[in-house]
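Undergrad: need coordinates for the below:
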Amino acid sequence: MTRVALLDGPLPVSYPALCAQKRFIKADGATAACAHALAMATTILRHAPDVEFINAIVFPGRLATSVSCLCDALEWIAQDPPEIVLCSFGLARSSLELEMRISALQAAGTLFVASSPVHGEKIYPAAYADVLSVQGDARCKPSELSQLGLPGARYGACVIAPEAPGVQGASVAAAHVGGVLAASWRGRPDTTLQAFGRRIRYRGCDNHAAPAH
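TA: I've put the predicted structure just below:
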């Protein structure tokens, strides 16, 4: 069973694919984070219906968090490293502690996926080394991926969550990549990335680029 750690809002405690959940930030009464987490989970399940979710709650209700909250969540996740971590958001500033915690998970064999905006400054964790950074690509249907090779985004994917159309953007694109990675899991990050690479349809960032195969 492939486990995906979802750093996001809270999934319902009765969610069938949920295997562990812990809150790292006080709830503020807003509901956006719940909708966001469900959109990420259903998008991943679209590609990999057998995954299990480890839900680290880092959004209070609003779609906002802090470095210290993320570090606490990653420390918890690292106690039993999952195959994939999905971080469908970004912070404007880097943090040495955050980078080190992500590096420790990567060293343990975890693939880390993070969203990146189409325009603007670098965001973190997408900008860290070996993090699979993802932005939206208008060419891609839900089942398609692109290899962009941009400084801020290695991959591109569809920005629409078919089961949750109210949530769109780079966060959804990252969830599509996370789902395809989960479906491609081959026991190790290197062999998984090889299998994942065979799913790429477009290469380059030109909207009129020819299909990769």
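Undergrad: any regions of the protein where pLDDT drops low?
TA: 120, 206-213 (pLDDT under 70).
Undergrad: and the most centrally placed residue in the chain, how far is that from residue 196?
TA: The centroid of the chain falls nearest to residue 86 when counting by Cα atoms, centre = their mean (2.9 Å). Taking Cβ to Cβ, to the nearest Å as the measure, residue 86 falls 14 Å from residue 196. Backbone N, C-alpha and C define where each C-beta goes, glycine included.
Undergrad: same question, residue 127
TA: 21 Å.
Undergrad: mind checking which helix or strand the residue lying closest to the residue nearest to the centre of the chain once chain neighbours are set aside is in?
TA: Leaving aside its chain neighbours, residue 86 sits nearest to residue 178 (4.4 Å; criterion: Cβ to Cβ, 6 or more residues apart in numbering). Residue 178 is part of helix 170-183, with elements assigned from DSSP states H and E.
Undergrad: alpha carbons of that helix, as PDB, please.
TA: As requested, the backbone C-alpha atoms of helix 170-183 are provided in PDB (Å, rounded to 0.1, in the frame of the first residue of the first chain):
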ATOM      1  CA  ALA A 170      -1.100  24.800  -9.100                       C
ATOM      2  CA  SER A 171      -2.100  23.000  -5.900                       C
ATOM      3  CA  VAL A 172      -4.400  20.700  -8.000                       C
ATOM      4  CA  ALA A 173      -1.600  20.200 -10.600                       C
ATOM      5  CA  ALA A 174       0.700  19.000  -7.700                       C
ATOM      6  CA  ALA A 175      -2.000  16.600  -6.600                       C
ATOM      7  CA  HIS A 176      -2.300  15.100 -10.100                       C
ATOM      8  CA  VAL A 177       1.500  14.600 -10.100                       C
ATOM      9  CA  GLY A 178       1.300  13.000  -6.600                       C
ATOM     10  CA  GLY A 179      -1.400  10.700  -7.800                       C
ATOM     11  CA  VAL A 180       0.500   9.500 -10.800                       C
ATOM     12  CA  LEU A 181       3.600   9.000  -8.700                       C
ATOM     13  CA  ALA A 182       1.600   6.900  -6.300                       C
ATOM     14  CA  ALA A 183       0.200   4.800  -9.200                       C
END
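Undergrad: elements contacting that helix?
TA: Applying 3 or more Cβ pairs under 8 Å, 6 or more residues apart in numbering; DSSP states H and E, we find helix 170-183 packed against helix 32-47, strand 84-87, strand 111-115, strand 132-136, strand 145-147, strand 155-157, helix 189-197.
Undergrad: chain center to that helix: distance?
TA: 6 Å (Cα atoms, centre = their mean, to the nearest Å).
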